[in-house]
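Enquirer: coordinates for the following, if possible.
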Amino acid sequence: MNDAAREAAEILRVLNEQTPCVTTSDEAARRTTKLQEWARALLPQARQALGKVADEGSRREAITHIIGWSLKTLERRLRPTFQDMIWHVENLTTCCHLLADIVLTVGEGRVLCSWCKTHAHDAQLIQVLEVGSGPGCALSACAPCRKRYAFTPLPDQPTLPTQTLVPLRRITDDL
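Expert: Below is the predicted model of the structure:
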């Protein structure tokens, strides 16, 4: 892992481990300064990762929007109200999460392990969750988590023979 990826992984680790509530204006100011520093360090790396994405497609568009939104968030001037400071800390935290994820997934080709929350080169798809009307999700696990929880990667899982599947009938067929 290169230095940029190590920095992004460390930022994600810190953000995932400590998400205490901000209770004072001084605390919000200190947190804002640190988050702005991280976001400014991650932006050039995210732009570089954007260069690795194909010219067209929704992934490139999404990364471009995230970078633009992060820049706007960094440039935003706050009113000196505690509520605005809290809002800004939350948005900067989201910026850092998204930018670090771009650096690791797009720039480094790493996949987030759904169990230990680390980005790994060896993470494999374990399960795809389908939901009725909304988007589903894919669960991936790194090698240590696959071993610890005895997971089998999705491509290696046995498939059900088609004969065992019962076709659905319409309710009116029984009437």
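Enquirer: any idea how far Gly107 is from the one residue sitting closest to the centre of the chain?
Expert: Central residue of the chain (C-alpha atoms, centre = their mean): Asp101, 5.2 Å from the mean position. Note on Asp101: its distance to Gly107, by C-beta to C-beta, to the nearest Å, is 10 Å. Using the backbone N, CA and C atoms, a C-beta is placed for each residue, glycine as well.
Enquirer: picking that back up, what about the residue nearest to the centre of the chain, which SS state?
Expert: Secondary structure, DSSP: H, G, I helix; E, B strand; the rest coil: Asp101 is helix.
Enquirer: just to check, it is in contact with Glu108?
Expert: No. Using C-beta atoms under 8 Å, Asp101 is not in contact with Glu108, being 10.6 Å away.
Enquirer: which residues do those two both contact?
Expert: Here Asp101 and Glu108 share the contacting residues His119, scored by C-beta atoms under 8 Å, 6 or more residues apart in numbering.
Enquirer: which of the helices or strands spans Ala9?
Expert: Under the criterion of DSSP states H and E, Ala9 resides in helix 3-17.
Enquirer: stretch 119-128: end-to-end distance?
Expert: 18 Å (C-alpha to C-alpha, to the nearest Å).
Enquirer: list the buried residues for it?
Expert: Within stretch 119-128, the residues scored as buried using 16 or more other C-beta atoms under 10 Å are 119-120, 123-124, 126.
Enquirer: with stretch 105-121 instead?
Expert: Across stretch 105-121, burial judged by 16+ other C-beta under 10 Å covers 106-108, 110-115, 118-120.
Enquirer: pLDDT on that stretch, on average?
Expert: Regarding stretch 105-121, the rounded mean pLDDT is 88.
Enquirer: can you classify Leu139 as helix, strand or coil?
Expert: Following three-state DSSP, the label given to Leu139 is strand.
Enquirer: go ahead and confirm it touches Val111.
Expert: No. Look at Leu139 against Val111 with C-beta under 8 Å: they stay out of range, at 10.7 Å.
Enquirer: my read: Ala141 touches Ser114, true?
Expert: Yes. Ala141 lies in contact with Ser114 (C-beta under 8 Å); the separation is 6.4 Å.
Enquirer: between those two, which contacts overlap?
Expert: Ile126.
Enquirer: any buried residues in the helix or strand where Arg146 lies, and which?
Expert: Using DSSP H and E, Arg146 falls within helix 143-149. Neighbour-count burial for helix 143-149, counted by 16+ other C-beta under 10 Å, picks out 145-146.
Enquirer: top helix in the protein by residue count?
Expert: Assignment by DSSP state H gives helix 25-50 as the longest helix of the chain.
Enquirer: helices or strands up against that one?
Expert: Counting contacts by 3 or more C-beta pairs under 8 Å, 6 or more residues apart in numbering; DSSP states H and E, helix 25-50 is packed against helix 3-17, helix 58-75, helix 82-102.
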